[in-house]
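Novice: Prediction below, plus the sequence it came from.
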Amino acid sequence: NAGVMQNPRHLVRRRGQEARLRCSPVKGHSHVYWYRQLPEEGLKFMVYLQKENIIDESGMPKERFSAEFPKEGPSILRIQQVVRGDSAAYFCASSPGQAVGQPQHFGDGTRLSIL
Amino acid sequence: GENVGLHLPTLSVQEGDNSIINCAYSNSASDYFIWYKQESGKGPQFIIDIRSNMDKRQGQRVTVLLNKTVKHLSLQIAATQPGDSAVYFCAESNTGGFKTIFGAGTRLFVKA
């Protein structure tokens, strides 16, 4: 009964490179959320996706960041031309639906470090 | 900005004592609240939730209290154990919504 799986757990990139973060939701969950967390801070909502659709990307920077959740395969958070300020932990969560009363299940995150 | 906040950034308690972690929220439209526990290097782990039509809910060693009048949420941990040491986040959302807003977190230290 696997939970949310994120990989890689740690990712190091140089400025200007691309970072790809992957998230496989709990089996049967069709809703995926991405959050960003800086040290000693709470989680900041970035984007909410259902299969093949972006529902809300209001928390995601308009430039360099993109997310997808294809019909098959994991959800991907992509950061192009990374900068030092992108260094953070990125968490993915999933839920079976959108209804109230369904807590999100989180993965253990990808820690992104930009050199 | 965030509309969920915490009164205390850190809390230190003696093993065996009860812990109370507080949270204030400002969005009166929020009707679903969750407490998460986050251990170092891990993702948030669901502890307990409560809907706005309730003012108290109990789990195993944990109780969540909701006071809608003053927009206050608290998490009570009975007989705190070393394994309870972590950062605790309150979070809120509302019916039909999907965006969960997290507070800044409280770090709980349990002294043996």
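Specialist: Now that the structure is in, tell me what you want to look at.
Novice: now whichever residue of chain A sits closest to chain B: how far from residue B:46?
Specialist: Closest approach of chain A to chain B (CB to the nearest CB) occurs at residue A:106, with a separation of 3.6 Å. C-beta here means a position set from N, CA and C on the backbone, and glycine is covered the same way. Computed as CB to CB, to the nearest Å, the residue A:106 to residue B:46 distance reads 8 Å.
Novice: quick one: which of those two has more around it?
Specialist: When neighbours are counted by other CB atoms under 10 Å in any protein chain shown, residue A:106 comes out ahead of the other of residue A:106 and residue B:46, with 23 against 15.
Novice: For the helix or strand encompassing residue A:49, which strands pair with it and how are they oriented?
Specialist: Using DSSP states H and E, residue A:49 sits in strand A:43-50. Strands adjacent to strand A:43-50 in the sheet, as given by DSSP bridges, are strand A:31-37 (antiparallel), strand A:53-56 (antiparallel).
Novice: now these as a markdown table including mean pLDDT?
Specialist: As requested, those are arranged in a markdown table below (pLDDT from 0 to 100):
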| stretch | mean pLDDT |
| --- | --- |
| strand A:31-37 | 94 |
| strand A:53-56 | 92 |
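Novice: Among those, pick out the one with the most neighbours on average.
Specialist: Burial among the strands paired with strand A:43-50, expressed as mean neighbours by mean count of other CB atoms under 10 Å in any protein chain shown, is greatest for strand A:31-37, which shows a mean of 24.
Novice: quick one: that strand to chain centroid distance?
Specialist: Here the centre of strand A:31-37 is set off from its chain's centre by 5 Å, with CA atoms, centre = their mean, to the nearest Å.
Novice: Residues contacting that strand, please?
Specialist: Strand A:31-37 is contacted by residues A:23, A:25, A:43-50, A:60, A:67, A:69, A:75, A:77, A:88-98, A:104, A:109, B:98, B:100, B:102 when judged by CB atoms under 8 Å, 6 or more residues apart in numbering or on different chains.
Novice: And the residue of chain B found nearest chain A, its phi and psi?
Specialist: Of all residues in chain B, residue B:43 sits closest to chain A, at 3.6 Å by CB to the nearest CB. The main-chain torsion angles of residue B:43 are listed as degrees, to the nearest 10 and equal phi -80, psi 160.
Novice: List the contacts of the closest residue to it other than its chain neighbours.
Specialist: Residue nearest to residue B:43 in three dimensions, not counting chain neighbours: residue A:106, with 3.6 Å by CB to CB, 6 or more residues apart in numbering or on different chains. With CB under 8 Å, 6+ apart as the criterion, the residues that contact residue A:106 are A:4, A:91, A:92, A:93, B:36, B:43, B:44, B:45.
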